[in-house]
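Enquirer: please work out how this folds:
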Amino acid sequence: MSQVSAIRNAPEKYDLKRDLAPLLQHKSNHVIAAVAVALKRLEEAALNAELIACFTALLPKAKERDQGCKALTAIAEALVSAGEHAPEVYLPGAKHVQMEGSFGPPVDVASPLRGLCARGLVRMRHPEALYQTVELLADREVPARAGAVQALGDDGGLAAELLLRLKVLAGDDEDVIAECFQSLLVAAPDRSVDFVARYLGSASEDRAESAALALGGSRLASAGAVLIEAWRAQVRRPIRRALLLATAMCRQEEGINFLLARLEEEPDQTAGDVMEALALYRSDEKVVARVESIAARRGLLGRWRP
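Expert: Predicted coordinates for the structure are as follows:
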């Protein structure tokens, strides 16, 4: 593990094929996973063929040799991140189930792997991609369903958009719905702002906050305007805080001016929430100066944590 860390921290001093490739034959799945993680972080594709071979050899013996599915998942993540066309990894990986003992009932440790492999199939435009992804939308495990949702966002087609909308309308775990909101705003940004914005007034605070943060993360001008309007109509403080943060996340001048006006005019509690949102701009000297000026004038400078 120390050798992998050394190579990851100073790759220019090593020959990756010579020094890392042999470690993919290591008996420890933790070492293999560390190699894959290092290659992903280095954005290095030179060993993709070796990663594929390692995955193919490990998969049939995964329950004995890869407890926790750590190595297989790390390999798939590295390959997907690199944009590698590896159907020999993604097709079996999307179906792999690995039940392992726990303090309670056995758990399926391969569910993140299935979601990752769906993304790999979609990104390489494999003819089976959507078929596999649709099956994973109904998977028993949340990480697999969330990965399938992310894959649909990567696809960007009309079929993917409609499946994402259906998933939201039908309902699911809040983590999956949050992924749906984000993927919709990637797959079909213009059509999805109004759809996601419907949930800003949800009775579920988690759902409303997920919608707000997805809209903020999209950085769309239309999303920024919707967030400001929603904040004016909202009375629940947790959601108002999420809306302020999402408005800051949009990184638009209109939103910044709105937040600074709220800092100037709102009661102290709300002003504190505004400052928390504006902390995203800690590296913007102009915004920081304006925040500090207003906060000092109001006696709130002690709350500012840039």
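Enquirer: quick one: contacts for T270?
Expert: Counting by Cβ atoms under 8 Å, 6 or more residues apart in numbering, T270 touches 240, 262. (Each C-beta comes from the backbone N, C-alpha and C, glycine too.)
Enquirer: flag the shaky bits of the protein, pLDDT-wise.
Expert: Along the chain, the model assigns pLDDT under 70 to residues 1-2, 6, 10, 12-14.
Enquirer: for the residue most central in space within it, which non-adjacent residue is closest in space?
Expert: Centroid check for the chain by Cα atoms, centre = their mean gives E179 as the closest residue, at 7.6 Å. Setting aside the residues directly before and after it, E179 is nearest to V149 in space (Cβ to Cβ, 6 or more residues apart in numbering), at 4.2 Å.
Enquirer: do the same with A225
Expert: In space, A225 comes closest to E254 once its chain neighbours are excluded; the distance is 7.3 Å by Cβ to Cβ, 6+ apart.
Enquirer: for the helix or strand harbouring the one you found, name the packing helices and strands.
Expert: Here E254 is covered by helix 253-265, with elements defined by DSSP states H and E. Under the contact criterion of 3 or more Cβ pairs under 8 Å, 6 or more residues apart in numbering; DSSP states H and E, helix 253-265 touches helix 221-233, helix 237-250, helix 268-278, helix 285-298.
Enquirer: now the shortest one and helix 237-250, what's the angle there?
Expert: This points to helix 268-278. Interaxial angle of helix 268-278 relative to helix 237-250 (axes from the mean of the first three to the mean of the last three Cα atoms, to 10 degrees): 30 degrees.
Enquirer: what residues sit buried inside helix 268-278?
Expert: Within helix 268-278, the residues that count as buried by 16 or more other Cβ atoms under 10 Å are 270-278.
Enquirer: equivalent analysis for the first one, please.
Expert: Of all the residues in helix 221-233, those buried under the rule 16+ other Cβ under 10 Å are 223-228, 230-231.
Enquirer: with distance to S283 added, can I get these in a markdown table?
Expert: Formatted as a markdown table, the buried residues of helix 221-233 follow (distance: Cβ to Cβ, whole Å):
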| residue | distance to S283 |
| --- | --- |
| A223 | 22 |
| G224 | 20 |
| A225 | 25 |
| V226 | 26 |
| L227 | 22 |
| I228 | 23 |
| A230 | 27 |
| W231 | 24 |
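Enquirer: show me which of the residues you listed is closest to S202.
Expert: Closest approach to S202 among the buried residues of helix 221-233 (Cβ to Cβ): A230, at 11.1 Å.
Enquirer: what's around A279, how many residues?
Expert: 15 (other Cβ atoms under 10 Å).
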